[in-house]
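Novice: my questions are about this predicted structure, shown below with the sequence.
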Amino acid sequence: GRVVVKPLARSPSHPLAGLGLAFAASTGTQGDVLPSFRTSGQQIFFSYDRAAIGEGVRNRVSPQAFYYYKAAGAFGEYVRSRGTVRKDALAREITHESWQIAGSLVVTGEPSSDHGVKPASDFNPGTHTWGALQVAARYHVLSIDPAAIASGFAAAGSSREARAFTVGANWYLNPFVKWTFNVERTVFDGDPNGSRHGENAILV
């Protein structure tokens, strides 16, 4: 479930009308197979040992906040995931954490919101209208619980942390279609020259 509160949404002229606070959470019974963590470029940087299994309930919580003012927008999120992992006779509560902060600007001037961007004019070369263009940047981090490494739950070669910086552009042809172009740099364990080299990805 996710609950969103916009305290001043009914006062559209107020400078804080685009402020929103949200809280998301989930809970469920784990299966034996545990997840792997991937970069946006689909490189697996952490996975569990084949003998490790999930056990019992896994809970996730995620407080979030966003703010949109005219053509500018910002979004922040924190995620905490906790559940029991077992390998042979050893079982421990394992907690992984991640967070991100992102900002955007619609360079063609249309207002931005948590629902996206609606172009003032749809893409139509015949009438010399090109839709809306938005530029964005994001910094995001995922940290593995040190106990997962110390307990021998991780597969060989797994990283403890991934930190990524993304810059990109969103081209809205109309309210229903957009093209995205992102360039992302990911560094593992804070060392771009470590055992796992930093990843550069272009995503379209």
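Specialist: In hand now; what should we look at? Residues are numbered from 1 along each chain as shown.
Novice: isn't residue 142 right up against residue 162?
Specialist: Yes. Look at residue 142 against residue 162 with CB atoms under 8 Å: they come within range, at 5.1 Å. Yep, even glycine has a C-beta here, placed from its N, CA and C like the rest.
Novice: comparing these two, which residue is more hemmed in?
Specialist: residue 162 (26 against 22; other CB atoms under 10 Å).
Novice: need the contact list for the more buried one.
Specialist: The contact partners of residue 162, by CB atoms under 8 Å, 6 or more residues apart in numbering, come to 37, 39, 45, 46, 141, 142, 186, 187, 188.
Novice: for the helix or strand that contains it, which positions count as buried?
Specialist: Using DSSP states H and E, residue 162 falls within strand 161-174. Buried residues in strand 161-174, counted by 16 or more other CB atoms under 10 Å: 161, 162, 163, 164, 166, 168, 170, 171, 172.
Novice: from the contacts of residue 162, which is closest to residue 71?
Specialist: residue 141 (27.3 Å; CB to CB).
Novice: for the closest one, list each beta-bridge partner.
Specialist: residue 99, residue 163 (DSSP bridges).
Novice: distance check, the one residue sitting closest to the centre of the chain against residue 136.
Specialist: By CA atoms, centre = their mean, the chain has its centre lying nearest to residue 100, at 6.1 Å. Residue 100 is 12 Å from residue 136, where distance means CB to CB, to the nearest Å.
Novice: same check, this time on residue 41
Specialist: For residue 41 relative to residue 136 (CB to CB), the value is 18 Å.
Novice: what does residue 71 give?
Specialist: According to CB to CB, residue 71 stands 12 Å off from residue 136.
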